[in-house]
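**Q** After the sequence you'll find the predicted model.
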Amino acid sequence: MWQVFVRWFHKWSSPKWFYEMSRPWSFWLGILAIALISIALVWGLAFSPMERVQGNSYRIIFLHVPAAFLSQAIYMTIAIAGAVGLIWRIKLAFYAAKQCIPIGMSMAVLALVTGAIWGKPTWGAWWVWDARLTSMLILLLLYLGLWALQNAMEREESGDRAAAILALVGVVNIPIIKFSVNWWNTLHQPATLKISTSAPMHVSMLIPLLLSILGFYVAFMALMLIRTRYEILSREKKAKWVQDEVRRLEVN
Amino acid sequence: MAFTSFSEFFAMGGHALYVWSSYGIGAAIILFNVVSPMRFKKRLIIEQKRRERREQA
């Protein structure tokens, strides 16, 4: 059983194998993501009812919450991939981790900017030094640090290792973001989505929010796959199959 | 439908500036995420051509 797993793991961690197997995935996941996000945002913008207290400004939630969730999920993906790369010396894990950084950073920016815009009509301020906002800003700074470390090194492999170590150290920030609204008396509202208690959100708002979150996750998977595939071509440029593949890409 | 007319939809009950600027930035970030892998692909092709030319010379 264990040996079957090890063999499977090694097969998948081979860049060439991964490149061939993932070929159709990014396309179909991309189509699915476009469909989900379009339905969710049109629904949220035009069909969901107005919120009693916040009026129409609450419609920012359909972008803000998915972006905030994803920025943290991508960070965890980078940390786990980095650990896999460091422990088992798997190049493919480092390639994926590297290509997650810009996606995660863009999501952290989107969460912070939409949060600031939403804060103005709701709290009367663009920014407050509240625990949730501050820990999200630290997440963005961690992404900037990852990006800088990854690209600062002469040898790409050194950048991989340095970024992986920073990613692992920075994981401590993720539970701080999650529990900041419970541990401190924050201006930021507590979690909207709760599994245990009866949903505090009406279904007409909840369904488009869940669809949007799902759409963002699927979009991330599609983007990560396509970017990791190109990263393989970039790093393994000396291999014959890679050179043939790049020539083939030019035609298509 | 939560709105009775298009003008009401665009006005967002006085919150137009906040809602539409958020969605505008959202669109820009999605566009960045779509365009950057395309540029990555282009760069791969250009760099390989450059290497091939150097080898021939």
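**A** Yep, it's here. Numbering: from 1, shown residues only, chains lettered A, B, ... in the order given.

**Q** Going by contacts, tell me the helices and strands next to the helix or strand hosting residue B:19.
**A** Using DSSP states H and E, residue B:19 maps to helix B:16-56. Secondary-structure packing of helix B:16-56 (3 or more C-beta pairs under 8 Å, 6 or more residues apart in numbering or on different chains; DSSP states H and E): helix A:61-88, helix A:91-123, helix A:203-235, helix A:240-251. All C-beta atoms are positioned from the backbone trio N, CA, C, and that covers glycine.

**Q** among those, where is the model least confident on average?
**A** Within those, confidence is poorest for helix A:240-251, with a mean of 93 (mean pLDDT).

**Q** what's the offset of that one from the middle of its chain?
**A** 29 Å (C-alpha atoms, centre = their mean, to the nearest Å).

**Q** Counting by contacts, list what it packs against.
**A** helix A:203-235, helix B:16-56.

**Q** for chain B, what are the nearby residues on the stretch 1-150 of chain A?
**A** A:37, A:41, A:45-50, A:55-57, A:59-60, A:63-64, A:67, A:102-103, A:106-107, A:109-110, A:113-114, A:117-118, A:120-121 (C-beta under 8 Å from any C-beta of the partner chain).

**Q** try it again with 7 Å
**A** The stretch 1-150 of chain A has residues A:46-50, A:55-57, A:59-60, A:63, A:102-103, A:106, A:109-110, A:113-114, A:117-118, A:120-121 near chain B, with proximity defined as C-beta under 7 Å from any C-beta of the partner chain.

**Q** List the residues that contact the residue nearest the centre of chain A.
**A** Relative to the mean C-alpha position of chain A, the nearest C-alpha, by C-alpha atoms, centre = their mean, is the one of residue A:74, at 3.3 Å. Residues counted as contacts of residue A:74 (C-beta atoms under 7 Å, 6 or more residues apart in numbering or on different chains) are A:100, A:103, A:104, A:107, A:220.

**Q** Now do the fourth one against residue A:101, distance only.
**A** Right, the one you point to is residue A:107. 11 Å (C-beta to C-beta, to the nearest Å).

**Q** Looking at the two, which is more packed in?
**A** residue A:107 (27 against 24; other C-beta atoms under 10 Å in any protein chain shown).

**Q** So that one sits against residue A:69, correct?
**A** No: using C-beta atoms under 7 Å, residue A:107 makes no contact with residue A:69, being 8.6 Å away.

**Q** ok, back up a step: angle of the helix holding residue B:19 against helix A:61-88?
**A** Calculated by axes from the mean of the first three to the mean of the last three C-alpha atoms, to 10 degrees, helix B:16-56 forms an angle of 30 degrees with helix A:61-88.

**Q** per-residue confidence for the spatially most central residue of chain B?
**A** Nearest to the geometric centre of chain B sits residue B:31, at 1.2 Å (C-alpha atoms, centre = their mean). Residue B:31 is assigned a pLDDT of 97 by the prediction.

**Q** about what we covered before: find the pair from the contacts of residue A:74 with maximum spatial separation.
**A** A:100 and A:107 (10.2 Å; C-beta to C-beta).

**Q** out of the contacts of residue A:74, who's nearest residue A:237?
**A** residue A:100 (21.2 Å).

**Q** Tell me how far that closest one lies from chain B.
**A** 12 Å (C-beta to the nearest C-beta, to the nearest Å).

**Q** thought that residue was touching residue A:80?
**A** No: counting by C-beta under 7 Å, residue A:80 is not a contact partner of residue A:100; they are 10.3 Å apart.

**Q** which of those two has more neighbours?
**A** A count of neighbours by other C-beta under 10 Å puts residue A:100 above the other of residue A:100 and residue A:80, at 27 against 16.

**Q** tell me the contacts of the more buried one?
**A** A:74, A:77, A:78, A:224.

**Q** count of residues packed around the third one?
**A** Put plainly, it is residue A:78. Neighbours around residue A:78, by other C-beta under 10 Å: 29.

**Q** what's near enough to touch it?
**A** A:97, A:100, A:101, A:104, A:146, A:167.

**Q** go on, the last one?
**A** Residue A:224 sits next to A:96, A:99, A:100, A:103 when contact means C-beta under 7 Å, 6+ apart.

**Q** repeat that with 10 Å
**A** A:22, A:26, A:29, A:74, A:77, A:81, A:96-97, A:99-100, A:103-104, B:37 (C-beta atoms under 10 Å, 6 or more residues apart in numbering or on different chains).
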